[in-house]
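Q: Any chance you can model this:
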Amino acid sequence: MWRPDRADKTPLYQQIVDHIERRISYAELPPGSALPSERKLAEQLGVNRSTVIQAYEELRASGLVESIVGSGTRVSRTKWGIAPSHTPNWRQYTEGGTFLPNLPLMRRIREATSNNSSIINLASGELSSDLFPNDIVHSLLREQNFNEHLGYDDPQGFHPLRKSLVSSLKQYNGIHTTESSILITSGSQQSLYLITQCLLSPGDAVAVEDPSYCYSLPMFQSAGLRIFRLPVHHDGIEPDDMIRLYRQHRIRMVFLNPNYQNPTGAILSESKRKRLLEAAALLRIPIVEDDPFSLTAFSGAVPPPLKAMDTDGIVLYIGSLSKIAASGLRIGWMIAPQSVIGRLSDARQQMDFGLSIIPQWVAEQLLASGRFDDHIARLRRALDQRQEIMVQSLSDILQNKVAFSPPQGGLNIWCKINRPVDDSKLLEESIRRGVVFVPGSVYGSEPGFIRFSYAKPRLEDIPAGIAAFNQALGMM
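A: Here you go, the predicted model:
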């Protein structure tokens, strides 16, 4: 995001005026475009509100913007003598299409954290940069020569990476598969997108956990799917609930996160796993298993995925390096029957002709090296320490204001606030105090639940973030 240069001799308000003028002249801000409120723009640019007020007054005086009570400040419908009919109605275009925008609360969280290093981020599910295997990757890049073809690769993914994944999935997760049954994707979300777009049709009924990360993804609504809930208990969903939904709505697919479920941290019990697989096989319902957190198990005892127990080929297994190595590599994978892999590979080729060979090569080198074990061990220790600090902070600072049960892995703690609150107001009050979290309603939960993530912030910021949240809660 652009910010005024305080070292420049040009007054700050004039720099803002010049910047907005340029954006208007370049048609980045077409006629009628809404500008941020004075308070919001001041926060974004790190200036006093009076500076923004002065800039907006200058723009109004020049006729470039107009302010209407109740409608805020907008780019004038007629600018530089050009009639608005000469410009496409971009607002109409952006409000069209079939792919829905992010949920408002998610957009607010992104807005608050974008280019704002001072805010304590307890919302992001991303690892902090010091938890990435940077040293290992740097060593591999120095030691190994990159000699791979730089043209379009196999749309199914870099074959050496798929081969390394066969070994890694067997070693760490107990999953037996082959290279031909693996599709490399740009993270887990691309896998979910391909499934919703290629294997399901508008109007199909699907079951997701309640609460669930899937609720935060508008891609399910964009695909026109009917979503039904499977309540998550301390030991995961009830298989009988899935059977009931099938009988009532003929659900065609089930989306689950059985290990360290996001956001609750629950682990589906072994007895339920067996019953679930038996019932799904009998009803011929595919299960999509999203498994981003298994390897974070603090004790090293990785809960076996459903896919490791799947003898009927009903589980589509999704994994990625985002939560256990580096999100920026954008490396994910899906294990599925070869007919499904073929269908999704074809769709993937239409979308982007396959993932870049370079991150796939780096990922393959990382997995094939003997140093990935060391990285996972270090990551587990670090996450365990961070969770311990957050648990202590929640107990000491919030005390009986919230209830929670920390999981033995994953990146999050799911909390229930022990009194009624308004999610949106609590989030705004927290942002004003310099901390951000994810309200439970984003995941389909009733108001009064929140997800705190401990993987992103610095150790010393965790207690400060909980203290700031406590102050915000006190204002409710």
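Q: contacts, neighbours, all on C-alpha from now
A: Fine.
Q: So which bits of the helix or strand where residue 431 lies are buried?
A: Taking DSSP states H and E as the definition, one finds residue 431 inside helix 423-432. Along helix 423-432, these residues count as buried under the neighbour rule (16 or more other C-alpha atoms under 10 Å): 423, 426, 427, 428, 429, 430, 431.
Q: Packing partners of the next helix or strand after that helix?
A: Next along the chain after helix 423-432, taking DSSP H and E as the criterion, comes strand 435-436. Secondary-structure packing of strand 435-436 (3 or more C-alpha pairs under 8 Å, 6 or more residues apart in numbering; DSSP states H and E): helix 104-113, strand 120-121, helix 461-474.
Q: Give me the contact list for the second one.
A: If you take C-alpha atoms under 8 Å, 6 or more residues apart in numbering as the criterion, strand 120-121 is touched by 113, 434, 435, 436, 437, 456, 457, 461, 462, 465.
Q: quick one: the longest helix seen in the chain to chain centroid distance?
A: For the chain, the longest helix by residue count, based on DSSP state H, is helix 372-393. In this view, helix 372-393 has its centroid 20 Å away from the chain centroid, taken as C-alpha atoms, centre = their mean, to the nearest Å.
Q: Pull the most distant pair out of the buried residues of helix 423-432.
A: 423 and 431 (12.3 Å; C-alpha to C-alpha).
Q: returning to that earlier point: just the helices and strands packed on strand 435-436: most buried one?
A: Counting by mean count of other C-alpha atoms under 10 Å, strand 120-121 has the highest mean neighbour count of these, with a mean of 26.
Q: What pairs with it, parallel or antiparallel?
A: Neighbouring strands of strand 120-121 in its sheet, by DSSP bridges, are strand 435-436 (parallel).
Q: distance between the partner strand and the chain's centre?
A: 16 Å.
Q: On the C-terminal side of it, identify the next helix or strand.
A: Counting by DSSP H and E, what follows strand 435-436 is strand 438-439.
Q: hmm, who's touching that following strand?
A: 105-106, 109, 122-123, 423-424, 427, 447-452.
Q: again, only this time at 10 Å
A: Residues from elsewhere that reach strand 438-439, judged by C-alpha atoms under 10 Å, 6 or more residues apart in numbering: 105-106, 109, 121-125, 263, 414-415, 422-424, 426-427, 445-453.
Q: next one: phi and psi at residue 177?
A: Note on residue 177: backbone dihedrals following degrees, to the nearest 10 are phi -150, psi -180.
Q: And the nearest residue to it once chain neighbours are set aside, how close does it get to residue 239?
A: Closest residue in space to residue 177, ignoring its immediate chain neighbours: residue 166 at 6.0 Å, by C-alpha to C-alpha, 6 or more residues apart in numbering. Counting by C-alpha to C-alpha, to the nearest Å, the gap from residue 166 to residue 239 is 29 Å.
Q: Ok, residue 475 next?
A: 41 Å.
Q: Please say which of those two ends up with more neighbours.
A: residue 239 (18 against 10; other C-alpha atoms under 10 Å).
Q: Model confidence for that one, exactly?
A: Note for residue 239: predicted pLDDT of 97.
Q: Isn't it up against residue 272?
A: Yes. Between residue 239 and residue 272 a contact is recorded at 6.6 Å, counting by C-alpha atoms under 10 Å.
Q: isn't the residue nearest to residue 177 right next to residue 364, touching?
A: No. Counting by C-alpha under 10 Å, residue 166 does not reach residue 364; the two are 11.2 Å apart.
Q: any residues in contact with both of those two?
A: In contact with both residue 166 and residue 364: residue 160, using C-alpha under 10 Å, 6+ apart.
Q: re the thing from before, please produce TSV containing the helices and strands packed on strand 435-436, extended by distance to residue 57 and mean pLDDT.
A: Output for those, formatted as TSV (distance: least, C-alpha to C-alpha, whole Å; pLDDT from 0 to 100):
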stretch	distance to residue 57	mean pLDDT
helix 104-113	25	88
strand 120-121	33	96
helix 461-474	33	96
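Q: closest one to residue 346 among these?
A: helix 104-113 (31.5 Å).
Q: First residue to last residue on stretch 288-308, what's the distance there?
A: So stretch 288-308: terminal residues 13 Å apart, C-alpha to C-alpha.
Q: In it, which residues are buried?
A: Neighbour-count burial for stretch 288-308, counted by 16+ other C-alpha under 10 Å, picks out 288-298, 300, 302-308.
Q: quick check, distance from that stretch to the centre of its chain.
A: Centre to centre, stretch against its chain (C-alpha atoms, centre = their mean), the figure for stretch 288-308 is 19 Å.
Q: what do you get for stretch 337-351?
A: 24 Å.
Q: Next, the buried residues of that stretch.
A: Within stretch 337-351, the residues that count as buried by 16+ other C-alpha under 10 Å are 337, 340, 341, 342, 344, 345, 346, 347, 348, 349.
Q: before we move on, what about stretch 168-182?
A: Buried-residue list, stretch 168-182, by 16+ other C-alpha under 10 Å: 168, 172, 173, 174, 175, 177, 179, 180, 181, 182.
Q: if I look at the spatially closest residue to the third one that is not a sequence neighbour, how far off is residue 140?
A: Counting by C-alpha to C-alpha, 6+ apart, residue 304 is the residue found nearest to residue 173 once chain neighbours are left out, at 6.0 Å. Separation of residue 304 from residue 140 (C-alpha to C-alpha): 30 Å.
Q: ok, residues contacting stretch 152-162?
A: For stretch 152-162, the external contacting residues (C-alpha under 10 Å, 6+ apart) are 148, 165-166, 168, 178-185, 333, 341-342, 344-350, 352-368.
Q: Go ahead and confirm residue 131 touches residue 386.
A: No. Assessed by C-alpha under 10 Å, residue 131 is found out of contact with residue 386, at 11.4 Å.
Q: Need the residues touching each of those two.
A: 380, 455, 456.
Q: so which of those residues would you say is closest to residue 248?
A: Comparing these against residue 248 with C-alpha to C-alpha places residue 455 closest, at 40.0 Å.
Q: count of neighbours near that closest one?
A: Residue 455 has 28 nearby residues by other C-alpha under 10 Å.
Q: pLDDT score for residue 147?
A: pLDDT for residue 147: 87.
Q: ditto for the one 5 residues further on
A: Turning to residue 152, the model gives it a pLDDT of 86.
Q: that's a helix at it, yeah?
A: No. According to DSSP: H, G, I helix; E, B strand; the rest coil, residue 152 belongs to no helix; its state is coil.
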